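Novice: need a structure here:
(chains A and B)
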Amino acid sequence: MFDQLKQLAFAAPWWLWLLGLALCLTGSFALAGKGRAGRALSWVLAGLTFVGAIAFSVVVIIDMGWNLGFDSPWWLLLLLLIPVIWAFSYRSLAGLGRFRRPFAIGLRSLVLLLLVLCLAEAQLLKTSEKLTVMYLLDQSESVPLPRREAMMSYVIREVAKHRNPDREDAAGVIIFGREAKIESAPLSDDIPSVGKIEGLVDLRVDATNLEAALKLAQATFPEDTAKRVVIVTDGNENIGNAREVARLLTDKSIAIDVVPILLDARAEVAVEKVAMPVEVRKDQPLETRVVVNNYAGQTAEDGGMVRGRLKLTRRLGASDETLSEQEVDLSPGKNVFRFRHEIAESGVYTYQADFTPTDADDDLLTQNNRATAFTQVRGQGRVLLIEDWANRGRFDYLASRLRQNGIDVTIQGSDQLFTSLAELQGFDSVILADVPRSSGEDAGNVTNFSDEQIEMLVRNTETGCGLIMVGGESSFGAGGWSNTELEKAMPVDFQIKNAKIQAVGALVLMMHASEMAEGNYWQKVTAREAIKALGPMDYAGLIHWGPAGTDQWLWGAPQGLVRVSNRRQTMLARLDRMQPGDMPQFDPAMRMTLAAFNRVNASIKHAIIISDGDPSQPRQSTLNGFVAGKIKISTVAVGAHGAAGHKTLQSIATQTGGKYYVVTNPKALPRIYQREARRVARPLIYEPDGGVTPQIVYPHEMLNGIEGAMPPIKGFVLTTVKENPLVEVSIRSPKPADNVNNTILASWTYGVGRAVAFTSDAGVKWTDTWTGWENYDKFWSQMVRWSMRPSGDQGKFTVSTDYKDGKVQVVVTALDKNDEFLNFLDLSATIIGPDLKTFELDINQTAPGRYVGEFDAPADGNYFVNITAPGDPNAEDPRPSMLMAGVNVPYSQEYRDRESNLALVTALARMTPKDGEPGLIIQGEMAPGKMDQLLEADTFRHNLPKARSSQDVWPLLVLVAACLFFFDVAVRRIQFGLEWARPAVNWVREKVFHREKLEAPDDRLERLRQRKAAVSTSLDERRAAARFEPQPDEQAVDLDRVVEEVSGARPDAPPPRAAPTPTPSSEEEDSYTSRLMKAKQQAFKKKD
Amino acid sequence: MASTGCVGGGPSTEPERVWGGHGVTNGKFYRPRAMTLGPDDELYIVDMTGRIQVFTPQGEFIRDWRTPTIAQGKPSGLAFDQEGRLMVADTHYFRVLFYTPEGQLLEDRTIGGVNGHGPGEFNFVTHARQDSLGNYYVAEYGEYDRVQKFSPQREFICQWGGHGEEVGQFIRPQKMAIDEQNHIWVTDACNHRIQVFDASGDQPQLVKVWGRQGRQLGDLCYPYDLALDGQGHVYVCEFGNHRVQKLTLDGQPVGSWGVQGRRAGQLHNPWALALDRGGRVHVLDTYNHRVQTIRL
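Specialist: Coordinates of the predicted model:
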């Protein structure tokens, strides 16, 4: 019944609604004065009009695509008060007359209705037909490459075939492996065909994290649309829990379709692990076991045998040594190979086993053909000395002297840097010997310390290894190390905050790389690197073709160049909003740059232009200005305009003395910018005329036995000593005499490691006379030995680790020298994961002398466990003992999965979205040219609840209710007359239409008379209502009624309607009394 | 704000039609940079995906094709010759390609293709035009900002210009138009002016030059395209001022349309315009990835 009424209401045209309402209203008015029945019917019709008007409003709102909803619908029960209001108001508003009374009651009802809607928190709900489909493409390596490549093609064709543009359906793509990223944001358009998946460049595909993809999809969906995800996967999830997240999605009405990728049965060989002791002694016979699993089934022909080459290598630092390489035959199942050998040198060794099949068809997945392990051999101190590859050999003398003093020194060039923390863990101290953060001359050979490598150095120090930074022209701030993690680990800051020292550089970045792929992103990355490398007193400016269509400074306009000081974060924030446009010509921006340089007082001024080279070349006069100001411009040619597009850039660099780079791989850009920004840091080098003689200001342990004057030095790098009580400055330069920037030797403890800063060099340019100093060996060897990792445990500790079910268990057994259990030790441990992130591990005592801790190991690779045991205060080295252990977590489960996980796939598709239908499992072959079956399934089918967006309307309703309340009061208090209408019409006729004035009869006297009569009538009515009034004598017939009124016998008698009599009030008073007396006397007579 | 650029334009009015939009499918654009009218008032538009798309004057998509390669860069100039062939300035391949209106490449007609500064060699080609006598004019910028003249048989005849600010020189001659007297009108974009040449003799002669950098009515800021209406007016599209100006042939302003913005009636770095036979001006609103049609 309700549904039929609803259908009828929506089917009726608007004019029919209005006609019905008008009829009801007219009927209500017409019947108002027609007796008791008429009045009742009139009120019924008035009620119908009221309810109908509200119903019509609701129908109109819904017809416009909106709907009404309530957050607190129980308040709607208050609407039952509306009939009550009608009942009460009917009597109380009786004096308003037949027209104003229903109007006032209607307004009052409307006010109550609106207030109730407000209390019920009414909302307008908008529904949308739009559907958005996000395709989640599994790019993990468990899916064969051809299938992965075909996925994008499937999506493009599916969207083109089934997307409904009239409904403005949208489609987007997310790719996922170990993490997830958006390949194509959801847009109401087809998916562009670009030939390959662009996001794969930096996507890790060694694991399957479906959970991350689902979460990203949920966050990416637009609001006002129905939502579906289509997952293309083999289902071999090995990170996260997709089921839980999928449940959250379906709870939010997001549907899930799945396109399962079925893996073929395939031949597979995997190196399961390399097994060996974690710690051995020097020259101890050692057995290493390599476990190789052959998954091939036994066939009739060869029994499932697989032939291949098994190689075992051992790495110490950067040097590899092959222990064994042999042909092996693998029988189905596990095969174990044993290798016996000895280790002669101390250090941390990494072992790696590789298997290469003779026939590639026997082993389709190569990522699981390698396994690693490591072991530690304790011995004398080992030091890693890293030098600038572009200036090799400058520290050979230092290395030889250290070796002479019993320290193993390994020299490493900055172009062949360590790649893992495991390499660093083998050393007791690391020396950065005047090595810049980035070296090289052109885009092809520029190398740098990556952020990850710097982090490795810092983590290595935190966990006990020493770190010594030796000065030189390419070290500290002058080497571009400012604002890096390394600076935090050193006892001095690399930047100068003293304005009195003229160590100021100015750098302008000119950006025009909008045409290169992801040009805006790379411009932001490079600019960020450059700004981070600047010191607080340096000036920085960035100019680009801005959104306003002009060359603009990104900050600091109109000067352009502003001091970095505390604005660095603001600058970096502005970078995020930068949108460089297509600069028509170089000249205006270069002139602005030149003017900005000329305004600042900086020792070094430098500009870098990045461009695709097609703006018009600058004027020669502009270039001459740069040359005259000794301002070099380095140019970086990017994009795809070829050599012709780079002539202008080459010319600019050549004429001003800057460097010219041609970059084909944008990943080289940050290195180039780091190197170029280093030019601005040159003023940090301090070379006073005549040199200085360093002064020992603190008798540090490193300087034991060094007495007398130190040899002079010719220069050093300015730094700022950290304001930290742990920092010990042992040697200072007398110039500059500020005791802040003149540090020569400073040290502190960072984590449990020790860091040393020596700001001059080691017998190269500034300290060339030091090589003849008798304390040279003592100075350097004592410095290095002081920094070294603690020499070993004081008691008898054994550490064992075990990896199982994604967790690593660490067990420490502690005995004292008498083999008695050591109890109640406060052991702390730091774990360094394969991602180089450190985290603390709680180790608790579980039994006498036994301490156990456990941590999750989700990623494959080496986990290092550094356990700190309390030191013996009476020992020679009272520092806590460092116990080192580690565990190797084998490669990802990704490379073990050989079959699709159909259980997960089916479970996801069967989940029913709220108010929707379950998803589909879309079957078909994922291969180019064979997708017809896949394309039969319509992923844009709309069997989902329509999306609704809501908008609170209660503030508007409150406003309307307030206005209506005003009218409600006005209707009851103000009576409107229409006497003004006729004169107004006449005025319009006369003034506007120039008609002749109507000679109306002079009715002023008549109107005056009528008015007077009306006033008199009103006065009489009031008197009649207020007191007893006897009738005139001629109306004595009504005397009985008067007496009855006085006695209250007939309280409902109508008031007298006598015509007004203009009698003087005194006479009225007399006659009133006498008439009352007469009436009483007559009454008494009758009674008698 | 200090800048050497210029910002201009007046109050904007609603355009007759706005079409296109950001996208890579048919009928949408990614930073369209050149536009010309076909023999039947169809609009030919090339964008930064390297597609040449053809539309009806109402903006309905008809067909598209791509230039042979875009690895080094995309075309930035389009025009029709007397015989109804589309001339495409293949900027970063130093040549002018010829196509039939249907998109068939006429390889034997290609002008240029060699990078250099000799006769018939080019740097970045911006535009090509043909006069009523059949001579071709090709503008270029880069190392040598100049215009080269070729015979109807595409043989080199002469050249003029050169990089500079002097009268007769250019900095980025972006587009050309040819009037009834076969005078060559050149937008000298980075000098913010219009130069007109009589190239009928052996040595091209400067006929007139007007325009200066600014934002006021009558000033110019990076004029990137122009069109002559044959009734004594020239329409100039200003990349830097985000507007279209209507001027007399002597550079006196008659009116302008457009201010910077994203809404209909606003422009963002427009690159090109086209004037159809109905007197409508189609403006290529490059950074808004669309076309706006107005009457001015």
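Novice: Buried residues, stretch A:662-671. List them.
Specialist: A:662, A:663, A:666, A:668, A:669, A:670, A:671 (16 or more other C-beta atoms under 10 Å in any protein chain shown). (C-beta placed from N, C-alpha, C; glycine too.)
Novice: Ends of that stretch, what's the gap?
Specialist: Stretch A:662-671 has an end-to-end distance of 13 Å (C-alpha to C-alpha, to the nearest Å).
Novice: can you tell if that stretch touches chain B?
Specialist: No - Stretch A:662-671 stays out of contact with chain B when judged by C-beta under 8 Å from any C-beta of the partner chain, the minimum separation being 12.1 Å.
Novice: to the chain's geometric centre, what's the distance from that stretch?
Specialist: For stretch A:662-671, the gap between its own C-alpha mean and the chain's C-alpha mean amounts to 26 Å (C-alpha atoms, centre = their mean, to the nearest Å).
Novice: out of the buried residues of stretch A:662-671, which are inside helices?
Specialist: Members of those lying in helices (criterion: DSSP state H): A:669, A:670, A:671.
Novice: Of these, which is the nearest to chain B?
Specialist: Nearest to chain B out of these is residue A:669 (C-beta to the nearest C-beta; 19.9 Å).
Novice: Please list all residues in contact with the closest one.
Specialist: Neighbour list for residue A:669: A:522, A:525, A:526, A:610, A:636, A:638, A:663 [criterion: C-beta atoms under 8 Å, 6 or more residues apart in numbering or on different chains].
Novice: show me the contacts for the residue nearest to residue A:256 when sequence neighbours are not counted.
Specialist: With C-beta to C-beta, 6 or more residues apart in numbering or on different chains as the criterion, residue A:256 has its nearest non-adjacent residue at 4.4 Å, and that residue is residue A:919. If you count contacts by C-beta under 8 Å, 6+ apart, residue A:919 has them with A:228, A:255, A:256, A:257, A:258, A:908, A:909, A:910, A:911, A:913.
Novice: wait, is residue A:919 part of a helix?
Specialist: No - read with DSSP: H, G, I helix; E, B strand; the rest coil, residue A:919 is coil and lies in no helix.
Novice: Next one: residue B:264 from residue A:360, what distance?
Specialist: Counting by C-beta to C-beta, to the nearest Å, the gap from residue B:264 to residue A:360 is 61 Å.
Novice: An error on my part: the question was meant for residue B:208.
Specialist: 74 Å.
Novice: neighbour count winner among these two?
Specialist: residue B:208 (14 against 11; other C-beta atoms under 10 Å in any protein chain shown).
Novice: Skipping adjacent residues, who's closest to that one in space?
Specialist: Once flanking residues are discounted, residue B:208 sits nearest to residue B:196: 4.7 Å by C-beta to C-beta, 6+ apart.
Novice: Mind checking what secondary structure residue A:206 has?
Specialist: coil.
Novice: What about it, how many residues nearby?
Specialist: Around residue A:206 there are 18 residues (other C-beta under 10 Å).
Novice: shouldn't it be in contact with residue A:141?
Specialist: Yes - taking C-beta atoms under 8 Å as the definition, residue A:206 is a contact partner of residue A:141 at 6.2 Å.
Novice: circling back to that earlier point, ok, so of the contacts of residue A:669, who is nearest residue A:810?
Specialist: Using C-beta to C-beta, residue A:525 is the member of the contacts of residue A:669 that lies nearest residue A:810, at 39.0 Å.
Novice: check contacts around the residue nearest to residue B:145 when sequence neighbours are not counted.
Specialist: Closest residue to residue B:145 apart from its sequence neighbours, by C-beta to C-beta, 6+ apart: residue B:170 at 4.1 Å. Counting by C-beta under 8 Å, 6+ apart, residue B:170 touches B:139, B:141, B:145-147, B:161-164, B:186, B:188, B:191, B:195.
Novice: Give me the buried entries from these.
Specialist: Going by neighbour count (16+ other C-beta under 10 Å), the contacts of residue B:170 have B:139, B:141, B:145, B:146, B:147, B:161, B:163, B:186, B:188, B:191, B:195 buried.
Novice: Isn't the second one up against residue B:124?
Specialist: Yes - taking contact to mean C-beta under 8 Å, the distance of 5.4 Å between residue B:141 and residue B:124 places them in contact.
Novice: Doesn't residue A:764 lie inside a helix?
Specialist: No - the assignment for residue A:764 (three-state DSSP) gives coil, which keeps it out of a helix.
Novice: Contact residues of the stretch 451-600 of chain A facing chain B?
Specialist: Near chain B, when you scan the stretch 451-600 of chain A using C-beta under 8 Å from any C-beta, you find A:515, A:547-553, A:557-560, A:581-582, A:584-585, A:587-589, A:591-592.
Novice: How many residues are close by residue 28?
Specialist: Let's take chain A. 20.
Novice: Wait, chain B was what I had in mind.
Specialist: Counted by other C-beta under 10 Å, the residues lying close to residue B:28 total 22.
Novice: which residue sits closest to it in space, ignoring its chain neighbours?
Specialist: Using C-beta to C-beta, 6+ apart, the closest residue to residue B:28 is residue B:21 (5.1 Å).
Novice: before we move on, what about residue A:601?
Specialist: residue A:504 (7.2 Å).
Novice: Tell me who's in contact with that neighbour.
Specialist: Taking C-beta under 8 Å, 6+ apart, one finds A:537, A:538, A:539, A:601, A:602, A:603, A:604, A:683 in contact with residue A:504.
Novice: again, only this time at 7 Å
Specialist: With contacts defined as C-beta atoms under 7 Å, 6 or more residues apart in numbering or on different chains, residue A:504 is in contact with A:537, A:538, A:602, A:603, A:683.
Novice: did I read that right, the last one in a helix?
Specialist: Yes - with three-state DSSP as the criterion, residue A:683 is part of a helix.
Novice: Could you report the distance from it to residue A:765?
Specialist: 17 Å.
Novice: go on, the third one?
Specialist: Taking C-beta to C-beta as the measure, residue A:602 and residue A:765 are separated by 25 Å.
Novice: In ChimeraX, how would I select the buried members of the residues of the stretch 451-600 of chain A next to chain B?
Specialist: ChimeraX command restricting those to the buried ones, with burial defined by 16+ other C-beta under 10 Å:
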select /A:515,547,548,549,550,551,552,553,557,560,581,582,584,585,587,588,589,591,592
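Novice: Now residue A:660. Nearest residue, chain neighbours left out?
Specialist: Nearest to residue A:660 is residue A:653, by C-beta to C-beta, 6+ apart, at 3.7 Å.
Novice: Give me the phi and psi angles of the one you found.
Specialist: phi -70, psi -40 (degrees, to the nearest 10).
Novice: wait, what's in contact with residue B:79?
Specialist: B:36, B:87, B:127, B:128, B:129 are the contacts of residue B:79 under C-beta under 7 Å, 6+ apart.
Novice: typed the wrong thing, it's residue A:66
Specialist: With C-beta under 7 Å, 6+ apart, residue A:66 has these contacts: A:124, A:125, A:126.
Novice: SS state for the second one?
Specialist: Just to be clear, that refers to residue A:125. Classified using three-state DSSP, residue A:125 is strand.
Novice: quick one: the closest residue to it other than its chain neighbours and residue A:115, what's the gap?
Specialist: Leaving aside its chain neighbours, residue A:125 sits nearest to residue A:67 (4.1 Å; criterion: C-beta to C-beta, 6+ apart). Separation of residue A:67 from residue A:115 (C-beta to C-beta): 21 Å.
Novice: Over to residue A:802?
Specialist: From residue A:802 to residue A:115 the distance is 70 Å (C-beta to C-beta).
Novice: Comparing these two, which residue is more hemmed in?
Specialist: A direct count of neighbours by other C-beta under 10 Å for residue A:802 and residue A:115 places residue A:115 higher, at 18 against 11.
Novice: And the strand or helix carrying that one, what does it pack against?
Specialist: Following DSSP states H and E, one finds residue A:115 within helix A:97-119. Packing partners of helix A:97-119 (3 or more C-beta pairs under 7 Å, 6 or more residues apart in numbering or on different chains; DSSP states H and E): helix A:35-63, helix A:81-92, helix A:954-973.
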